[in-house]
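# kindly return the folded structure for what I paste below:
(chains A and B)
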Amino acid sequence: MLFRDAFKTATRSLMHGKMRSILTMLGIVIGIASVIILMSIGQSAQGLILGQVESIGSNLIIIIPGAPANGKFSSPAAAQGIVITSLQQRDVDALSREPSIDYAVPEVRGQGDVVYGNNDVTEGFTGSTADFFTVSNLAKVSIGQTFTKSDVDSANHVVVIGPDLAKTLFGPNVNPVDKVIRLKNVSFRVIGVLAKGGTGAFGVDIGNLVVMPITVAQTQLLGINYFNVIVVQANAQYDSAFVKSRVGFILEQDHGITNPNKDDFTIDTQEDILSLLGNITSILTLFLAAIASISLIVGGIGIMNIMLVSVTERTREIGLRKAVGATNRDILEQFLIESVLLTLFGGAIGIAAGAAVVGLVYLGISVFDPSLGWAFAFPISSVILGLVVSGVAGIAFGIYPAQKAGKKNPIDALRYE
Amino acid sequence: MIDLHDLKKEYTEEGETVTQALRGVTFSIEKGEFVSIMGPSGSGKSTLLHILSFLDRPTGGTYTFQGKSIDDMTDQELALVRNKDMGFVFQSFNLLSRLSVYDNVEIPLLYSDIPPKGRQTLVEEAVRAVGLEEKLYTEAAKLSGGQKQRVAIARALVTDPNVIFADEPTGNLDSQSGLQVMEILESLHDKGRTVVLVTHETQTAEFANRIIRIKDGVVESDKKIIANRVHRDLK
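The predicted structure follows:
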């Protein structure tokens, strides 16, 4: 039997029971649409997360106190809340002297009540040097200015705050500059409001950021002499892996460490973080797609079930076709084509439905939170995957009913009531 | 054309013979004969027709069709012979009701090596031969019983087979429609085709020029007759 004829015969059979065909396809439509939606949204989320990491600055190397974690996905000790005091001012001084490093910016972090008049909010705060704003891509202010090296050296009680916090504390119509706020009962004069708001990398709430000179934060708010993190910006002429090795070498020398396995600090380049985040989001996307594919299996079983019913209902037709010359293979092909057509058509509808949902999600986010920077992603690979998976499902779940049809004895089939 | 020698068909269940449908049937049918196979219910006549038409295999004896033994043929070869050399007319028509007359008649051609372009002429000729050209694109479900059987005959004719097997072709028809169907079979025989008919109706059987009577799985009688064309007038 020519493929053209088999195709025509199969199409005609499916068209004969339109409603049944549509309902049978529904499982595959939902399954493919789910996989497509999760893959596309996963890709958009990955782009968003990686974009945010890239947006914190270029050529960044982050040094955290504590030994590197053993497992790829476990965090270093300092990130788990254990107090480690290994990063000191002498490390920053030594790193600053390295030619391959443009900036070495120490940071300390804490949390406290921020009060202005009757307004009181609990916020995290960061103490750093004047270079913090350059390295973090936060140099732009909407009002006022950022603090200077002189402010840091003199331990001036000044702060730069995020635009959302400014609005919360002062309202929309008050200029926050030169207003005095209290943080952990210490007075600070607001000298600038950041231009950029929203959420930054790692969930940092830039809109509510409170940044003051590190000297004040260490002595007046936290009572510590060590740093929580040192952010290094490598000179663009140097490869980040080289700079990373230089940072390691300098800190080991500084800390008197001879065995690199006993480092009391962890160095991550931006590439390391991007790669780790990329891996995590990819695994997450695949995991979600795998869960969604369960609905594909359910849809496939539905197709097998309906095809088995169809084979039984059309037993006499099978008998007739065999009587007039159809071979087992002809009958098998006819039913297999029907099953593959069902799943392919269902897959195509699923892809279209998936694209529509992904588009709606994009539109929704664009309308309600345009600052998020959510990009529309509809990878062509998911379309190809959708079609291939639906075709394979058609064969996998159609082969058994088709074989059953092909093996029917013509006499028994013709006598079937 | 058809040679049977000591043909047997036994149905077994768990290794034990349950029914002996044919107990040793021997006869030959020459090309161009019109043969009626008669017998009461359970005599084995339908089983015999199924074996003759390659829809079933015997369990003993030999069956040679056009010089080739059924035992030497694979299922695929049997399907090929059924398609090229045999036409079938069933008591219950076995039309696909949702398809048109054209599509029903075309079915055997789908499994032949005739290219799509040549099929239309063959289908139209076959439908014309049974006088249903005005119903060519009518859905089979909308036809009367007699018309359905004529479509079935057109479907049997369309591949220009050497032999037409008809299993109780008038069984589901009124006398007028039955007569029309038998006249078509008779005219096919007149044009040189071999027709093998299974029936339990004497009047229908007498359209043939030979009647083989089967009883309890064996040939009870095998008589050549002068086709009694008077019967149509008697109906």
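# so which bits of chain B are right by chain A?
By CB under 8 Å from any CB of the partner chain, the part of chain B that sits against chain A consists of B:50, B:53, B:55-56, B:75-76, B:79-80, B:82-84, B:88, B:90, B:94, B:96, B:98-99, B:107-108, B:110-112, B:116, B:155, B:159. To be clear about C-beta, it is placed using only N, CA and C from the backbone, and glycine gets the same treatment.
# try it again with 6 Å
B:50, B:55-56, B:76, B:79, B:82-83, B:88, B:94, B:96, B:98, B:107-108, B:110-111 (CB under 6 Å from any CB of the partner chain).
# so which of the residues you listed is the most crowded?
B:P108 (30 neighbours; other CB atoms under 10 Å in any protein chain shown).
# longest strand anywhere in chain B?
Counting residues, the longest strand found in chain B (DSSP state E) is strand B:16-29.
# show only the entries of the residues of chain B next to chain A found in strands.
Mapping the residues of chain B next to chain A onto strands (DSSP E) picks out B:F88.
# my guess is B:T194 contacts B:F165. True?
No. Judged on CB atoms under 6 Å, B:T194 makes no contact with B:F165 at a distance of 9.4 Å.
# look at the two and report which has more neighbours.
Just comparing B:T194 and B:F165: by other CB under 10 Å the higher neighbour count belongs to B:F165, 26 against 22.
# follow-up on the earlier one: which single one of the residues of chain B next to chain A is nearest to chain A?
Closest approach between the residues of chain B next to chain A and chain A, by CB to the nearest CB: B:N83, at 2.5 Å.
# can you pull the contacts of the closest one?
Counting by CB atoms under 6 Å, 6 or more residues apart in numbering or on different chains, B:N83 makes contact with A:G325, B:P108, B:Y111, B:S112.
# from B:G15, how far off is it?
From B:N83 across to B:G15, the span is 34 Å (CB to CB, to the nearest Å).
# same question for B:F90.
For B:F90, the distance to B:G15 - CB to CB - is 32 Å.
# which one of those two is surrounded by more residues?
B:F90 (22 against 5).
# how close does the more buried one sit to A:L308?
Counting by CB to CB, the gap from B:F90 to A:L308 is 26 Å.
# can you check A:G124 too?
In terms of CB to CB, A:G124 sits 61 Å off from A:L308.
# mind giving me the packing neighbours of the helix or strand containing B:K223?
Remark: B:K223 resides in strand B:218-224, with elements defined by DSSP states H and E. With contacts defined as 3 or more CB pairs under 6 Å, 6 or more residues apart in numbering or on different chains; DSSP states H and E, strand B:218-224 has these neighbours: strand B:16-29, strand B:210-215.
# quick check: which element contains the spatially most central residue of chain B?
In chain B, the residue lying closest to the centroid (CA atoms, centre = their mean) is B:F165, at 1.4 Å. Following DSSP H and E, one finds B:F165 within strand B:163-167.
# and for A:W374?
Counting by DSSP H and E, there is no helix or strand that carries A:W374.
# list the contacts for it?
A:S44, A:L48, A:I365.
# how many neighbours does the last one have?
It refers to A:I365. 17.
# quick check: the gap between it and A:I41.
Counting by CB to CB - A:I365 and A:I41 are separated by 10 Å.
# repeat for the second one
Taken as CB to CB, the spacing of A:L48 relative to A:I41 amounts to 10 Å.
# comparing those two, which shows the higher neighbour count?
The residue with more neighbours, out of A:L48 and A:I41, is A:I41; 19 against 16, by other CB under 10 Å.
# let's verify the more buried one: helix, strand, or coil?
helix (DSSP: H, G, I helix; E, B strand; the rest coil).
# give me the number of residues near the closest residue to B:G24 other than its chain neighbours?
Distance criterion CB to CB, 6 or more residues apart in numbering or on different chains; nearest residue to B:G24, sequence neighbours excluded, is B:D6 at 4.7 Å. Close neighbours of B:D6, defined as other CB under 10 Å, add up to 13.
# now do the contacts for B:D6.
Under the criterion of CB under 6 Å, 6+ apart, the neighbours of B:D6 are B:G24, B:T26, B:G61.
# quick check on the last one: phi, psi?
When read as degrees, to the nearest 10, the backbone of B:G61 gives phi 80, psi -170.
# how about the residue of the stretch 51-200 of chain A found nearest chain B: what's its closest non-neighbour residue?
At 56.6 Å from chain B, A:G51 is the closest residue in the stretch 51-200 of chain A, using CB to the nearest CB. Residue nearest to A:G51 in three dimensions, not counting chain neighbours: A:G373, with 6.3 Å by CB to CB, 6+ apart.
# repeat for B:A154
The nearest residue in space to B:A154 (CB to CB, 6+ apart) is B:A126, at 4.1 Å.
# for chain B, what spans make up the helices?
Using DSSP state H, the helices of chain B run over B:45-52, B:75-85, B:101-110, B:116-129, B:145-157, B:175-190, B:202-205, B:231-234.
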